[in-house]
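A.B. asks: With the input below, show me the fold.
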Amino acid sequence: MVRFYRQIMTNQLALNTLSSEIGPEDLKSVTELAFYIVFGAGTSAGAVQIETAHQSGYTGTWAAEGSATAWSAANKVHKVSITGMSFVTRARISTLVVGGTVSVYAMGNG
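C.D. replies: Numbering: from 1, shown residues only. All right, here's what the predicted structure looks like:
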C-alpha cells in the first residue's frame with residue numbers, strides 16, 4: 001500500500017541544494033522507499049545523493065543511501081530504491097547540475 005507520494009525537490013541545480021525532508025510521521029510504517037530523480041531538458045551533468053539521519057534537521061553529515069545518482073541523459077528519470085527503516089531522509093545535489101535542473105519525487109509503502 002502506498003503511504004505517500006510527493007515531489008520533494010523542484011527544478012534545482014545548485015551544489016548541496018537540499019530537498020524537503022521526509023520525516024518520521026511519513027516513515028513510521030514504511031519499509032520501502034522509491035526516489036525518482038528527473039534530470040530536465042538541456043542538462044549535461046549533475047548528481048543527486050539520497051541521505052538519511054537519526055533526527056530531523058540534523059546539521060552534521062548525513063548517511064549516504066548507496067552511491068550518488070549521476071546524470072546520464074537529459075529528460076531522463078532515474079529510480080533509487082531503499083529497503084528498510086529510516087527515521088528521516090532527503091535528497092541532496094552532490095554535483096552541480098549543468099544546463100538545466102533536476103527534480104526529485106519520493107514514494108513510500110509498507
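A.B. asks: now the helices for this structure?
C.D. replies: Assigned by DSSP state H, the chain shows helices spanning 24-27.
A.B. asks: Distance check, the residue nearest to the spatial centre of it against residue 33.
C.D. replies: In the chain, the residue lying closest to the centroid (CA atoms, centre = their mean) is residue 91, at 3.1 Å. For residue 91, the distance to residue 33 equals 11 Å [CB to CB, to the nearest Å]. C-beta here means a position set from N, CA and C on the backbone, and glycine is covered the same way.
A.B. asks: Mind giving me the packing neighbours of the helix or strand bottoming out on mean pLDDT in the chain?
C.D. replies: Ranked by mean pLDDT, DSSP states H and E, the helix or strand of the chain with the weakest confidence is helix 24-27, at a mean of 94. Helix 24-27 sits against strand 88-98, with contacts defined as 3 or more CB pairs under 8 Å, 6 or more residues apart in numbering; DSSP states H and E.
A.B. asks: Who are the packing partners of the strand it packs on?
C.D. replies: Strand 88-98 is packed against strand 2-12, helix 24-27, strand 32-39, strand 45-53, strand 102-109, with contacts defined by 3+ CB pairs under 8 Å, 6+ apart.
A.B. asks: on that earlier part again, pairing partners for the residue nearest to the centre of the chain in the sheet, please.
C.D. replies: residue 50 (DSSP bridges).
A.B. asks: Ok, which of the helices and strands packed on strand 88-98 comes nearest residue 81?
C.D. replies: With CB to CB as the measure, strand 32-39 is the member of the helices and strands packed on strand 88-98 nearest residue 81 (5.4 Å).
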